[in-house]
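*Asks:* Build me a structure from this.
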Amino acid sequence: MQIAIVTVSDRASSGEYEDLSGPAIEAWLKEVVTSPYETVKRVIPDGVASVRDTLIALCDESAVDLILTTGGTGPSPRDETPEAMREVLIKELPGFGEQLRRASLEQTPTAILSRQTAGTRGKTLIINLPGKPSSIRFSLDVIFAAVPYCLDLIGAGRIETDPARIKAFRPAQ
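*Replies:* A predicted model of the protein is given here:
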């Protein structure tokens, strides 16, 4: 199982400030995922081309199972992660973004500005997360129960989670 963490930020990629979002994802995974996995990390600038090319390389060349992106999902001109996702995904899974926005709106009215989405490319699941570390933890708690089942459905690597943290999704028989 390989999990890629992609931080999308002009300032973090240029060294202007320290990436806190990628480490927040990594810390959450260490707390919750109980099965073995390798982490692949990238810090890239905003923009369609950089995000698109990074995601395609991780899916098609590195064959990672799960990609968690952080950043680039707001309304500012340089926030183009969803546009890049449209060029990468074979199947969009809009329920992830819908659930993230629904749950986040209970916390903050600005969540309506979020444009997170998710989808698959081959045997890789890609999920967009917000850029704020506290929002990352909340977002992963909200959606991660569906991740292991989705990975199973697309033929990706198997992932197990701590049942005290994440209730496993079990389809109706």
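*Asks:* how distant is the host helix or strand of residue 136 from the center of its chain?
*Replies:* Element membership of residue 136 [criterion: DSSP states H and E] is helix 133-143. Taking the mean of its C-alpha atoms, helix 133-143 sits 10 Å from the chain's own mean (C-alpha atoms, centre = their mean, to the nearest Å).
*Asks:* which helices and strands does the helix or strand that it is followed by pack with?
*Replies:* For helix 133-143, the following helix or strand on the C-terminal side (DSSP H and E) is helix 147-154. Counting contacts by 3 or more C-beta pairs under 8 Å, 6 or more residues apart in numbering; DSSP states H and E, helix 147-154 packs against strand 124-129. To be clear about C-beta, it is placed using only N, CA and C from the backbone, and glycine gets the same treatment.
*Asks:* what lines up beside the strand it packs on in the sheet?
*Replies:* strand 66-70 (parallel), strand 118-121 (antiparallel) (DSSP bridges).
*Asks:* A helix includes residue 31, no?
*Replies:* Yes. Residue 31 forms part of a helix when assessed by DSSP: H, G, I helix; E, B strand; the rest coil.
*Asks:* give me every residue that touches it.
*Replies:* 162, 165 (C-beta atoms under 8 Å, 6 or more residues apart in numbering).
*Asks:* Tell me the spacing between it and residue 162.
*Replies:* 7 Å (C-beta to C-beta, to the nearest Å).
*Asks:* Quick one: low-confidence residue ranges for the protein.
*Replies:* Scanning the chain for pLDDT under 70 picks out 168-173.
*Asks:* hmm, 90 instead?
*Replies:* The chain contains residues with pLDDT under 90 at 105-108, 110-111, 131-132, 134-135, 164-173.
*Asks:* Thought residue 55 was touching residue 85, still the case?
*Replies:* Yes. Counting by C-beta atoms under 8 Å, residue 85 touches residue 55, with 7.4 Å between them.
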